[in-house]
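>>> structure for this input, please:
(2 chains)
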Amino acid sequence: MAAIIAAGMARFGDRWDKDEAALVKEDLEDLKNVSSINAEEVFLANISYPLIRKNQSLQKSVSELTGIPIVHSFSEECGGSIALQQAAEAIDSGRIRKALVIGVDKMSDLTSSEIGYISALSLREEWQNRGLTLAAAYALLENLYLEKYSKKSDEMHALPVSAHEHGSRNKNAQFQNMISAEQVAQSALTAEPIRQLECADWCDGAAALLLVSNKEAESHDKPVYLKEHAQITAASALEKGETLIPAIQKAIGNIKTAVQEADIFELHDIFSFGEVMCIESLGCCNPGEGLQWIEKNKKRINTGGGLKACGYVPSANGLRQAAEIMLQLKNSAGERQVKNAKSGISVNLNGTGEKAAINVFSVEK
Amino acid sequence: MKSFRVGENWRNLEKTRALLDRAGKIVSYTVVHNPPSGKESPCYMALVEMENKSREVMEIVDIGKEKIKKGARIKSCLRRINVQGTKGLINYGIKCRVVE
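Numbers count the residues shown, from 1 in each chain, chains lettered A, B, ... in the order given. Below you'll find the model as predicted:
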């Protein structure tokens, strides 16, 4: 088993003055305040660099920045979570003792129409070619859900309100302002019934984690163990015509921990309704009861603001989620600390759940 | 929209042909207010259940919002997806229209 001993964060948002390498440098400086880096291999998640520049030399820049010659590269929306899982496996195998996991993207260099298209990267290709965007895909799912469980779209408006409230206590979040349900209801429609304030905004950012072996973790203060992890690629909910995400359901089948009993939940709320699909797919409540469950437990869901308030940085999301859980389990989350948090789970998706990466953390080995 | 390559278009012909003039019904639909470049706003996207029970996502054409409803019967059709490049290469693909 591997353990996280430190996290570095470059603030999420529009970072016009910094390129990918400069954002990674911010992460490294943040890490150096806590620990010497001294890792043997880098696990790097990034999708924006080759998309924008038609070039793939970020690995070389990262190798030069860190002085580490082995850089494994991961390029998909939930790449940060996958990079973390692969680093843990390299440690578990005994090949290395310490890994540096980095996720970085610069989405602000893409135009909004490019984002409209690129957002659909993980969806079925024929559907993307026909003009299906990620917002439209979630809207189709939300409409299915509203009809099936006789809900109204404005019942979803409490979700981004809670996300922004949590984000207001996170200095690395893209949006630190509070919003009201009325503001959500008055914001422009993106893909009906989804409104602009129910969408996470694509932005720039980077997150990094230092991962060590069990044994090495003992010499560090309050390590957080990556107890279990799973990744599953499966037919999407849309292909099945339902609102539970098959990849999440299958992934938790591969995990022994009862994820429903976690203290902290980091969920993939790229659109607020995604939070409901995640919590129901995890089996925390019956299908159709996700909103009530979230309302009752909102203080321990997306405690740093989730994708909605932190901003959507595909390759860094999973690591930001892990870093937030680490802070909570170390009892160092400051004013957003959840009392007695001992375990956490992160759910990171490609698209609408064409792939799910689930990581389970605990203070105990 | 994506720029399609000639080879890719050619390879997709069989798939397009297989889905042409097929019947189905709307399972869910959405009005998209910021479609990807190349499409006019608003555009209507639907999750459709085809007669063979497979599910497809298609743009609905030739109709105003008021006529679209869940359960409406559709038929797939061949329409222009986009025009690209200085030579005006036209990409055709599957969309659908409501038939009742």
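
>>> near chain A, which residues of chain B?
Counting by CB under 8 Å from any CB of the partner chain, the positions of chain B adjacent to chain A are B:1-2, B:4, B:12, B:15, B:27-39, B:43, B:45-47, B:49, B:55-59, B:70, B:81, B:93-95. For every residue, glycine as well, the C-beta is placed using N, CA and C.

>>> which among the residues you listed count as buried?
Neighbour-count burial (16 or more other CB atoms under 10 Å in any protein chain shown) applied to the residues of chain B next to chain A gives B:1-2, B:4, B:12, B:27-36, B:38-39, B:43, B:45-47, B:49, B:55-59, B:81, B:93-95.

>>> any residues of chain A in contact with chain B? List them.
Residues of chain A lying near chain B (CB under 8 Å from any CB): A:112-114, A:116-117, A:120, A:124, A:126-133, A:135-137, A:139-141, A:143-144, A:147, A:188-194, A:238-241.

>>> again, only this time at 7 Å
A:113, A:116-117, A:126-127, A:129-133, A:136, A:139-140, A:143-144, A:147, A:188-192, A:238-239, A:241 (CB under 7 Å from any CB of the partner chain).

>>> filter those residues down to just the ones in strands.
Mapping the residues of chain A next to chain B onto strands (DSSP state E) picks out A:189-191.

>>> tabulate the residues you listed (TSV), appending neighbour count and pLDDT.
Formatted as TSV, these follow (neighbours: other CB atoms under 10 Å in any protein chain shown; pLDDT from 0 to 100):
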residue	neighbour count	pLDDT
A:Leu189	17	97
A:Thr190	23	96
A:Ala191	28	97
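
>>> closest to A:Ala206 among those residues?
A:Thr190 (26.6 Å; CB to CB).

>>> roughly how far does the closest residue to the closest one other than its chain neighbours sit from A:Arg11?
Spatially, and ignoring its direct neighbours in sequence, A:Thr190 is nearest to A:Ala135 (4.9 Å; CB to CB, 6 or more residues apart in numbering or on different chains). Going from A:Ala135 to A:Arg11 by CB to CB, to the nearest Å gives 25 Å.

>>> and those two? Which one has more around it.
Taking other CB atoms under 10 Å in any protein chain shown, A:Ala135 and A:Arg11 do not tie; A:Ala135 has more neighbours (25 against 19).

>>> mind listing what the lengthiest strand in chain B pairs with, with the direction of each?
Once chain B is assigned using DSSP E, the strand that runs over the most residues is strand B:73-84. Sheet pairing for strand B:73-84, assigned by DSSP bridges, gives strand B:23-32 (antiparallel), strand B:89-98 (antiparallel).

>>> in that strand, what counts as buried?
Buried-residue list, strand B:73-84, by 16+ other CB under 10 Å: B:74, B:76-77, B:79, B:81-82.

>>> how about stretch A:58-77?
A:58, A:61-62, A:65-66, A:68, A:71-77.

>>> also stretch A:187-196?
A:187, A:189-196.

>>> including distance to B:Lys87, could these go into a markdown table?
Listed next are these as a markdown table, based on distance: CB to CB, whole Å:
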| residue | distance to B:Lys87 |
| --- | --- |
| A:Ser187 | 41 |
| A:Leu189 | 37 |
| A:Thr190 | 34 |
| A:Ala191 | 33 |
| A:Glu192 | 37 |
| A:Pro193 | 41 |
| A:Ile194 | 37 |
| A:Arg195 | 40 |
| A:Gln196 | 37 |
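
>>> select from the residues of chain A next to chain B every entry located in helices.
A:113, A:116-117, A:126-127, A:129, A:136, A:139-140, A:143-144, A:147, A:238-239 (DSSP state H).

>>> quick one: the lowest-mean-pLDDT helix or strand in chain B to strand B:89-98, angle?
Least confident helix or strand, chain B: helix B:6-18 with a mean of 86, by mean pLDDT, DSSP states H and E. Angle of helix B:6-18 versus strand B:89-98, following axes from the mean of the first three to the mean of the last three CA atoms, to 10 degrees, is 20 degrees.

>>> tell me the domain boundaries of chain A?
A:2-110+A:204-224, A:132-203+A:228-362 (automatic domain parsing).
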